[in-house]
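**Student:** Here's my sequence, what's the structure:
(one chain, ligands or ions: 1)
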Amino acid sequence: MSRTLFPFLPFPIFPPQASTLATRTDHLLYWLLAMSGVMTVAIAGLILWFSIRYRRRPGNEVATQVEGSNRLEIAWTAAPVVLFMLTYAWGAGIYFFAYSAPHDALELYGVGKQWMWKFQHLSGQREINELHVPVGRAVKVLLTSQDVIHSFYVPAFRVKQDAIPGRYTEIWFEATAPGRYHLFCAEYCGTLHSGMIGSVVAMEPAAFEQWLAGGATASPAQRGEKLFQDLGCNTCHRSDALARAPDLTGLLGRRVRLRDGRTLIADEAYVRESILDPAAKVVDGYEPIMPTFKGLVTEEGILDLIAYVRSLAPVEKVGP
Ligand code: CUA
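**Tutor:** Below you'll find the predicted structure:
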């Protein structure tokens, strides 16, 4: 539709219409363009015509002063009022449609951070700078930000919503055609703002279910590494001088000495316990400062984290 509007142009004037909101928004825009266009042509045309028709010529008559005409004034007041109120009601209707998500919408979470979009499906699937959604089903994205204000913007869906730190905002859309659509950050958020882009992948419902169940996007260790960073584990568990918690490299299978003098062989259950109940077995030489991640990480997430810790190969100790 949008491309065929100007078929002679080598580039599209409008982004594709790929959501139930897109056509509504565009129809209102066409109406506004038409109204402005008609007025512009009428006014410019009259100016041109009058300035030629009534230009100064020898023997011109002197114009007679026209006093006010109530009928004319009522007409040119009432006509715009009707047009503007119509536009207002039309726009308000679209606004209410755009900002009230259907109750049965598929929910998912989106987090903006400098400079990427992170999405999480309720089934546990996580993605970065890519968002998979089904076609023909309302999708509600609960947005927040980890640092500064970002804005979730998908032109093909005609949706834009700020992601604000410390607050949840929401946006919903229903994709109408399978495809890959641009996702932008539409709020200047720092140096790499222009690189904070990604894509929304709209899929047929069956393909989406398959994608959701498959998770062939990353290995458990890769997901675990992502989770390790997402949960901020890497701010304390590190190998440099800023470490406030043990480096986890080569942990699994290693003998660990605890604060209370006990020792144990680190296994999966120990890693899991340390994530959910960190104070239970604190490693010798460290303070029990780690917060619990109970409720913050799913069992699959814990498995991913364990897979990640397992993937950290032991390195040769250098120095004395
Ligand atoms: Cu995030 Cu601009």
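**Student:** Would you map the helices across the stretch 201-320 of the chain?
**Tutor:** Taking DSSP state H, counting those that start in this stretch to define them, one finds helices in the stretch 201-320 of the chain at 205-214, 220-230, 268-276, 299-311.
**Student:** For residue 175, which of the ones you listed is the nearest?
**Tutor:** Comparing the helices of the stretch 201-320 of the chain against residue 175 with C-beta to C-beta, the closest turns out to be helix 205-214 (10.0 Å). For every residue, glycine as well, the C-beta is placed using N, CA and C.
**Student:** Run the chain-centre distance for that closest one.
**Tutor:** Taking C-alpha atoms, centre = their mean, to the nearest Å, one finds the center of helix 205-214 at 21 Å from the center of the full chain.
**Student:** what stretches of the stretch 1-150 of the chain score poorly on pLDDT?
**Tutor:** 1-6, 124 (pLDDT under 70).
**Student:** what does stretch 290-299 rub up against?
**Tutor:** The set of residues external to stretch 290-299 that reach it, using C-beta atoms under 8 Å, 6 or more residues apart in numbering, is 124, 227, 231, 236, 245, 274, 275, 276, 277, 278, 279, 305.
**Student:** Please spell out which residues along it are buried.
**Tutor:** Neighbour counts over stretch 290-299 (16 or more other C-beta atoms under 10 Å) mark 290, 293, 297 as buried.
**Student:** Out of those, flag the one nearest to the ligand.
**Tutor:** Among the buried residues of stretch 290-299, residue 297 lies closest to the ligand (C-beta to the nearest ligand atom), at 25.7 Å.
**Student:** Check this structure for me, the residue farthest from its geometric middle.
**Tutor:** residue 59 (69.5 Å; C-alpha atoms, centre = their mean).
**Student:** Please, which helix or strand holds that residue?
**Tutor:** Assigning secondary structure by DSSP states H and E places residue 59 outside every helix and strand.
**Student:** Need the CA coordinates for stretch 73-82. CSV is fine.
**Tutor:** In CSV, the C-alpha atoms belonging to stretch 73-82 read as follows (Å, rounded to 0.1, in the frame of the first residue of the first chain):
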residue,chain,number,x,y,z
GLU,A,73,-17.7,34.6,9.4
ILE,A,74,-19.9,31.9,10.9
ALA,A,75,-19.1,29.7,7.9
TRP,A,76,-15.4,30.1,8.2
THR,A,77,-15.5,29.5,11.9
ALA,A,78,-17.8,26.5,11.9
ALA,A,79,-16.2,24.7,9.0
PRO,A,80,-12.7,24.5,10.6
VAL,A,81,-14.2,23.6,14.0
VAL,A,82,-16.0,20.7,12.5
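**Student:** so how far is that stretch off the chain centroid?
**Tutor:** With C-alpha atoms, centre = their mean, you get 43 Å for stretch 73-82.
**Student:** swap in stretch 282-297?
**Tutor:** Per C-alpha atoms, centre = their mean, the centroid offset for stretch 282-297 relative to its chain is 32 Å.
**Student:** Pull out the buried residues from the contacts of stretch 290-299.
**Tutor:** Of the contacts of stretch 290-299, these count as buried by 16+ other C-beta under 10 Å: 227, 245, 274, 275, 276, 278, 305.
**Student:** Out of those residues, which comes closest to residue 46?
**Tutor:** The nearest one, if we look at the buried ones among the contacts of stretch 290-299 relative to residue 46 and count by C-beta to C-beta, is residue 227, at 67.0 Å.
**Student:** which element follows the longest helix along the chain toward the C-terminus?
**Tutor:** The longest helix of the chain (DSSP state H) is helix 20-53. The helix or strand immediately downstream of helix 20-53 is helix 70-99, counting by DSSP H and E.
**Student:** so what's the closest residue to residue 123 other than its chain neighbours up against?
**Tutor:** Closest residue in space to residue 123, ignoring its immediate chain neighbours: residue 212 at 5.6 Å, by C-beta to C-beta, 6 or more residues apart in numbering. Residues counted as contacts of residue 212 (C-beta under 8 Å, 6+ apart) are 121, 123, 125, 132.
**Student:** The first one - how many residues pack around it?
**Tutor:** Which is residue 121. By other C-beta atoms under 10 Å, 18 other residues sit near residue 121.
**Student:** for the third one, same thing?
**Tutor:** By the other C-beta under 10 Å criterion, the neighbourhood of residue 125 contains 19 residues.
**Student:** Next: the last one.
**Tutor:** As a burial measure, residue 132 scores 20 neighbours (other C-beta under 10 Å).
**Student:** and the strand or helix carrying it with helix 205-214, angle?
**Tutor:** Using DSSP H and E, residue 132 sits in strand 130-134. Strand 130-134 and helix 205-214 are oriented at 130 degrees to each other (axes from the mean of the first three to the mean of the last three C-alpha atoms, to 10 degrees).
**Student:** Could you show which parts of the stretch 101-250 of the chain are in contact with the ligand?
**Tutor:** Within the stretch 101-250 of the chain, the positions lying close to the ligand (C-beta under 6 Å from any ligand atom) are 112, 115, 150, 185, 187, 188, 189, 193, 196.
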